[in-house]
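A.B. asks: for reference, the sequence and a predicted model appear below.
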Amino acid sequence: MNLDKAKKRIAKLVSRGFKGYPLVSIAYFGDTPALATHVVISFVAEEGAEPQVQKFNAKTDVRHDENIQTVIVKIIERTDAQTISEAAGVALLASA
């Protein structure tokens, strides 16, 4: 799947709002607000359940990485998630 198609698909699913569980949430992290080098994808099967977390890192911006965006779409499809949420912007990583 090409990058634009994957990003549009994710954006469309996010825009639907809360539709129930299962839920997939996506959060981007980086050293600056302009560069997301980490993405954390959480899957919650039902209300109150412990989230399953998967993380991806890259030296470049993960929001513009075709492989990572395609994997996010595949995770959403395979989990049959009813709700997709995405944190706005890029959260800053804590300095060591």
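C.D. replies: Done, it's in.
A.B. asks: so where is this protein shaky, pLDDT-wise?
C.D. replies: 95-96 (pLDDT under 70).
A.B. asks: pick out the residue nearest the middle of it.
C.D. replies: In the chain, the centroid-proximal residue (C-alpha atoms, centre = their mean) is Ile26; its distance is 2.7 Å.
A.B. asks: just give me the neighbour total for the residue nearest to that residue when sequence neighbours are not counted.
C.D. replies: Among residues not flanking Ile26 along the chain, Glu86 sits closest, at 4.5 Å (C-beta to C-beta, 6 or more residues apart in numbering). Any C-beta I mention is one placed from the backbone N, CA and C, and that applies to glycine too. Neighbourhood size, Glu86 [other C-beta atoms under 10 Å]: 16.
A.B. asks: where does Glu86 sit: helix, strand or coil?
C.D. replies: What DSSP: H, G, I helix; E, B strand; the rest coil gives for Glu86 is strand.
A.B. asks: for it, which residues are in contact?
C.D. replies: 10, 14, 25-27 (C-beta atoms under 8 Å, 6 or more residues apart in numbering).
A.B. asks: for the helix or strand where the residue nearest to the centre of the chain lies, packing partners?
C.D. replies: Ile26 is part of strand 23-30 when elements are defined by DSSP states H and E. For strand 23-30, the elements it packs on are strand 38-44, helix 66-79, strand 83-92, judged by 3 or more C-beta pairs under 8 Å, 6 or more residues apart in numbering; DSSP states H and E.
A.B. asks: ok, now with 10 Å
C.D. replies: Judged by 3 or more C-beta pairs under 10 Å, 6 or more residues apart in numbering; DSSP states H and E, the packing partners of strand 23-30 are helix 3-15, strand 38-44, strand 52-57, helix 66-79, strand 83-92.
A.B. asks: all set, thanks.
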